[in-house]
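1. coordinates only, sequence not included:
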């Protein structure tokens, strides 16, 4: 192993991104991904590398898949690496890593990137560059269709650049698992490495923005909460003894009926939806079990919480009404946390002064949900500042579509803007 | 005052009935009615007369009107009688009376009659006999439209006949208030005078049956429960702060929606209805109060209770769902209690052997609700027997209609069949 | 092939029943079963054999499985028989047969038996006679768990007995497919062979009645209707454009909510249930499709129809409310048709006079649903008479359970009572 | 009668306002008010005065009270005026007036003021100036609690000022009835006098703004629609024949249940509420009639219409579901129409340059509903411009409260700002 002590070249960044692109893994299953990140961190001579249970608060993970799903991805990763030492610490969905480098006195600056992929089958179209240039997903049915391969590359590239620079203070990179499920942000924010961060950067590539454009502050992420709701009653013969059942269908209907009618809120827009309903009893049996997935959103964290609390209450009382039991399992959640003006200002200056004639958008709305907000909130609550950048990439197809791709020039732009920003604070 | 010591003549019975017909009073407001009953009982030299709180268990009264309604009827009665001594014991809706006569050893036999009238405006048609013969209701808007005037007459007439006969044992007449509201039966059954009754008779006049026909056992009364349901929440401006209300309309809807859907029961037919809904807030105010009246029925007492318990649970949980408070006030209730074969047999024999060539129907279905069943049940639970008779009266118009009336020959038939039955047991 | 011209022996009946028991096929998939019935009919020299589309009105079939399910069973049957001539007429779920024998002038008498099996895995317990004696189901997951193997045997056995007897008139046996789904009765009643039947018999073995007991008239079958309900709307992103969807979940809820609340009916008991709900959209997508199975029942055909019509109307209007489309596909239906006293009397006489000292139950309640009622109704509407018999069989385990079995002495009892009854009419 | 040919003094304005304050009349009942306006207009020598059916499109009136209510107010007005000639043209709720003055060539400028009062009982507190100074409402239970008395004064005062000035063109004042019900704006906009208006001003006094402050453009009025919904079914006895009813309560519940759940809209905030529910049937009767008032709002006219259309559809389909009839009667409606920048600019200049050192607020949000927007929209659609001003009045108590009042200095401020603005355009 050769230690990498210099800032990465464009070619190196592209190579890294393409390797991660070929090996997409979904949330909490980023076993190979985490091992490869650790290998890269080791090559750079990073001071501290925390993985799995040491990187985040495992109790706060949301939406962790069933054991058999975890096991399948774990075994596939095991077949592709000899780093059993790292891998076995990740078992059971303990993916993700935190890298720390330190150099004397100074502030602590952080960069958060996300590392998971999506259950989308990548395009096989010859025009799709990953096909044309041979780095299409090797995990059929899964794809880095939201650019997290680039985000990992940002993390590693910025770290090498910082290490190759003079800096004073501490620099941390958070390789966060399971953003797509909104399952990892809360756990990483609750982990042991965020509290001392003074300034935090996050970034998203693409977003239907041209390469060369940088948004210094992406705001207004919709706060979101996803829940698996289960009603359990008792079966009975619908013809012979309808009163002897405890009807999970009636409990579900009573809840769902009202969930759609949660009162509008004076403070702004909210959203609610019920999807994925399953009740398997035959028509002649009073249903003993109904499951449904429910999602609520709000313009603010408070609005989301208002909606989520109502769902909790409605489910519980509807179950009581029909003498059923109900559980609401939170499977994903994100909050709203806007960028701090101080860092937006700093990044704006760097973008404006950038030698590559970048275009600056000071602030824009994200129009989606994002759990980097948990880390931003944690930093903010400790008196620090945070901002979430957009790095244009002229993506030819929308996020979460089979033909998503990025203009790879965005890789070095992202690395340079982020490392310049970090180094300015670590001067 | 002349003591009456002989069995009443047909003319006397008719006169009594007509007097009560002229002075109808609704449930718990039978102030004048009770005073007049007491006066008649005193004239007969009855041993014990219990009125008001001594006649029944006041705590068990259901559907007692508001104080101002009670006061209005009380004052009207006060203006028509000088028996202040009796009247003041009735104040606050403590109407009704129990008469007891005793003569040596022997069983205790009871007769239950009901004394209240209905909020129906009596016909003014010249063909309507009470109009033609001058005994139409003097209380405009109220009417003895179900024959309870005849029932009071049965009670007084049978008592005089028994007193005029040789008998051994104890005979009681229960002048029960508030049958139409299903509000008095439970209270009288819970009172101190029913428990020692060995054999109980009840009777209903009319029932679209020809005069001269007697039904020895009227069964299958539908068990019924009536409830006033109130949801109380908190108002808020529907435009400016919809989330700040606690919406009583939504709570009501959630309850009512499910109340209609209470599962059918394996044991038989049930009924449910929601009527009389009132919410007075304007459209731009989140409602802080909704009231509704709810009624459930069942082929059996158990089925009614199953339905009533479901209403209770649904109302409570629907209120919790929308953070409202709810109350369910029971305003009337009746159970099912069928006639005992032993007494049906006894009455059948008396009807068959009657000199007036009466027609016998051994048993028939009542197809209505009736709270004499509470007294019948109490007697039955103490090892006694009971039956509820039908006394045909060729009523020219249905019960609860403005032109209801009876063929007054039914008065002496009822008195003779009931007194013969009682005396057979008191021989 | 040897022609069978004599009444079947007990051993022959047992052998037949066991063969059918080993080869259970579910509704509309009775391909092998129908072929074997045809082979037996040919051996007897039956005059007319109608199969498939000639036996019933194909348009009236309910609950026909998907093509791939039909194809699988068809291929299995094809592998077990060389009677391709028969089999190919059954393709596409056109199972079932009607046998007709005629001998001069006289009435037309019919016997209806059902031939399908259930999706139940038969017991592997050594105590279970089919295991012990080697005729357990060869089609794993399917089982003659309701005695239709015995019914087929009744049909063939009675036919041989009639052919071996002197008779004058016409005798028909209806081998009806798909009773368990309540899918075949209506189609067979609508077919060309029922209208001229003057007297019809049906029979069910078992019913928790001891062997040797015969019920001359089984009545009060619950009328039942089963429906697959589908709501189709339009998807939209639940966060970004909730108003652009047409929400199939909301349409379903609006319908189901009200379906449970279909008003009770004055004429008697009804039932309603919603089971098997499926909506597959994710929580962040407004659902474009929900399916559910709905079942209604009534004490009478009219009550079932009242409930079914309400479901139809509620589904249609709930779909309109949310701008969705809805379909209600009837997948099974049965009516109530009680036995005619004339035939109950005739059968009662035969049972009473039977040399084997049979016990007679004149009439009993069926307490289940049964589509033989369609054929009974058709005969009745043409001025004929019908009755549905119960043939006790001391079944050691309930119907539709893995350990269901019959005392095989019931086979000859059923054959003799049914053939004696038919021959009495064909004398 | 003396013709008034000079601009009004402060004392005259105060006197006018106080007179109208003493005689509040609710929407469509402004009989005396309209007569008095006409009298004032005549004194000024206004060219054209249109009242009642000539002032607006009577067909478009919303929320007109019942005939007996109209008659009561009409008779009261008749007792207080001898101008029968005017009054009889107003009969049947044809209140309101339009005044037109013309002077040669030039644009047409309009001023819209509203004239109705509220069903609020005015404070009797000695501190309440109308009490202290003797102009408290003479119509007990009704009150000018929103400042429309000042608005009428604005209308008359501006007209006198314009008449007393040099101007070139046409000036119209719209005295609009029934703003509180949102019932008159649409009708006046649809009338014959709005279409040729090039520039329109509206104004509201108070709004919790200090006297001396003027808002040049009040925007973001919430679009609102109010509906009286009636469900009519058929009664039946809830115990004996529940299926024979057509249950208006069930229809109402099905509608209301879903109305609260109308999907949120991507374009912004919406509101919905159900208030004022009335069903008068007893609990033992299937309800044949339910009425409810429903209100929806939206940030924009389109959002309000989206909600209103959903209510229409839900009510209709819910009625069909339960075989009821339903009607939705629109009783009030307002749209959103923001102020035109051109006029905001003009008014801002006048306010800034005003000799009385007025404070300017260029634009503010109205945070309420207002039907002047219909006239503004009509002008805008014809290529004109409009603005809605706020005239601060240091109101000591909130709008629509019993102690509402204004600092009467606001009267001359309003008159001068509005007349200066009009005259600038009519120069």
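-> That came through, no problem. Quantities reported herein were computed from a predicted structural model and do not represent experimental measurements. Numbering: from 1, shown residues only, chains lettered A, B, ... in the order given.

2. how near is residue A:107 to residue A:113?
-> Counting by CB to CB, to the nearest Å, the gap between residue A:107 and residue A:113 amounts to 20 Å. Any C-beta I mention is one placed from the backbone N, CA and C, and that applies to glycine too.

3. more crowded one of these two?
-> Neighbours per residue, other CB atoms under 10 Å in any protein chain shown: of residue A:107 and residue A:113, the larger number sits with residue A:113, 27 against 17.

4. so the more buried one sits against residue A:172, correct?
-> No - checked against CB atoms under 8 Å, the pair residue A:113 and residue A:172 is beyond contact range at 11.4 Å.

5. so stretch A:59-72, near chain C or not?
-> No - no part of stretch A:59-72 sits near chain C under the criterion CB under 8 Å from any CB of the partner chain; the closest distance found is 11.4 Å.

6. average pLDDT across that stretch?
-> If you average the pLDDT over stretch A:59-72, you get 97.

7. near chain B, which residues of chain A are found?
-> So chain A meets chain B at A:240-245, A:247, A:250, A:254, A:257-258, A:261, A:263-267, A:286, A:306, A:313-314, A:317-318, A:320-323 (CB under 8 Å from any CB).

8. quickly find the element holding residue A:111.
-> Assessed by DSSP states H and E, residue A:111 sits inside strand A:108-114.

9. where in chain A is pLDDT low?
-> Within chain A, the ranges that satisfy pLDDT under 70 run A:1-5.

10. the domain parsing of it - what is it?
-> What automatic domain parsing lists as the domains of chain A is A:10-221+A:335-425, A:223-333.

11. in the stretch 201-350 of chain A, which spans are helices?
-> With helices called from DSSP state H, counting those that start in this stretch, the stretch 201-350 of chain A shows them at A:248-259, A:301-321, A:341-352.

12. just want the angle from the first one to helix C:248-259.
-> With axes from the mean of the first three to the mean of the last three CA atoms, to 10 degrees as the basis, helix A:248-259 and helix C:248-259 are set at 120 degrees to each other.

13. pull the distance from helix A:248-259 to the chain's centre.
-> Distance of helix A:248-259 from its chain centroid, counting by CA atoms, centre = their mean, to the nearest Å, is 31 Å.

14. does chain C sit close to that helix?
-> Yes - interface with chain C: helix A:248-259 contributes A:249-250, A:253, A:256-257 (CB under 8 Å from any CB).

15. other SSEs contacting that helix?
-> Counting contacts by 3 or more CB pairs under 8 Å, 6 or more residues apart in numbering or on different chains; DSSP states H and E, helix A:248-259 packs against strand A:223-232, strand A:270-278, strand A:289-298, helix A:301-321, helix B:248-259, helix C:248-259, strand C:270-278.

16. contacts for the second one, please.
-> In this case it means strand A:270-278. A:222, A:252, A:256, A:259-260, A:262, A:264, A:290-299, A:303-304, A:306-307, A:311, C:238-239, C:242, C:249, C:277-287, C:290, D:264 (CB atoms under 8 Å, 6 or more residues apart in numbering or on different chains).

17. again, 6 Å this time
-> Where contact means CB atoms under 6 Å, 6 or more residues apart in numbering or on different chains, the residues beyond strand A:270-278 that reach it are A:256, A:262, A:291-298, A:303, A:307, C:238-239, C:242, C:249, C:277, C:279, C:281-283, C:285, C:287, D:264.

18. same question, the longest one
-> Contacting residues not belonging to helix A:301-321 are listed as A:223, A:225, A:229, A:231, A:251, A:254-255, A:258-259, A:262, A:265, A:267-268, A:270, A:294, A:296, A:298, A:326, A:328, A:335-336, B:314, B:317, B:320-321 [CB under 6 Å, 6+ apart].

19. ChimeraX command to pick out the buried ones of the residues you listed?
-> What follows is the ChimeraX syntax selecting those of the contacts of helix A:301-321 that are buried according to 16 or more other CB atoms under 10 Å in any protein chain shown:
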select /A:223,225,229,231,251,254,255,258,259,262,265,270,294,296,298,326,328,335,336 /B:314,317,320,321
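
20. now, of the contacts of strand A:270-278, which are buried?
-> For these, a burial check counting by 16+ other CB under 10 Å picks out A:256, A:262, A:291-298, A:303, A:307, C:238-239, C:242, C:249, C:277, C:279, C:281, C:283, C:285, C:287, D:264.

21. ok and the residue in the stretch 101-250 of chain A nearest chain C?
-> Closest to chain C within the stretch 101-250 of chain A is residue A:238: 3.6 Å, counting by CB to the nearest CB.

22. chain D contacts on chain A?
-> Applying CB under 6 Å from any CB of the partner chain, we find that chain A lies next to chain D at A:260-261, A:264, A:271.

23. can you rerun that using 7 Å?
-> With the criterion set to CB under 7 Å from any CB of the partner chain, chain A comes near chain D through A:257, A:260-261, A:264, A:268-271.

24. secondary structure class for the closest residue to residue A:168 other than its chain neighbours?
-> Among residues not flanking residue A:168 along the chain, residue A:106 sits closest, at 3.9 Å (CB to CB, 6 or more residues apart in numbering or on different chains). The local conformation at residue A:106, judged by DSSP: H, G, I helix; E, B strand; the rest coil, is coil.

25. residue A:106 touches residue A:426, doesn't it?
-> Yes - applying CB atoms under 7 Å, one finds residue A:106 in contact with residue A:426, separated by 5.7 Å.

26. neighbour count for these two, which is higher?
-> Taking other CB under 10 Å, residue A:106 and residue A:426 do not tie; residue A:426 has more neighbours (22 against 16).

27. separation between the more buried one and residue C:123?
-> Applying CB to CB, the value for residue A:426 to residue C:123 is 75 Å.

28. contacting residues for the closest residue to residue A:329 other than its chain neighbours?
-> In space, and not counting its chain neighbours, residue A:329 is closest to residue A:228: 4.5 Å by CB to CB, 6+ apart. By CB atoms under 7 Å, 6 or more residues apart in numbering or on different chains, the residues touching residue A:228 are A:291, A:293, A:329, A:331.

29. now residue A:228, which residues is it bridged with?
-> Beta-bridge pairing for residue A:228 (DSSP bridges): residue A:293, residue A:329.

30. sorry, back to before: CSV for the domains of chain A, including distance to residue C:78?
-> Listed next are the domains of chain A as CSV, based on distance: least, CB to CB, whole Å:
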stretch, distance to residue C:78
domain A:10-221+A:335-425, 37
domain A:223-333, 30
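
31. which of the ones you listed sits closest to residue D:213?
-> domain A:223-333 (25.5 Å; CB to CB).

32. that closest one: end-to-end distance?
-> End-to-end distance of domain A:223-333 (CA to CA, to the nearest Å): 7 Å.

33. now the strands for the stretch 51-200 of chain A?
-> A:97-103, A:108-114, A:169-176, A:199-205 (DSSP state E, counting those that start in this stretch).

34. will you turn these into JSON lines that also has distance to residue D:14?
-> Output for those, formatted as JSON lines (distance: least, CB to CB, whole Å):
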{"stretch": "strand A:97-103", "distance to residue D:14": "74"}
{"stretch": "strand A:108-114", "distance to residue D:14": "66"}
{"stretch": "strand A:169-176", "distance to residue D:14": "69"}
{"stretch": "strand A:199-205", "distance to residue D:14": "63"}
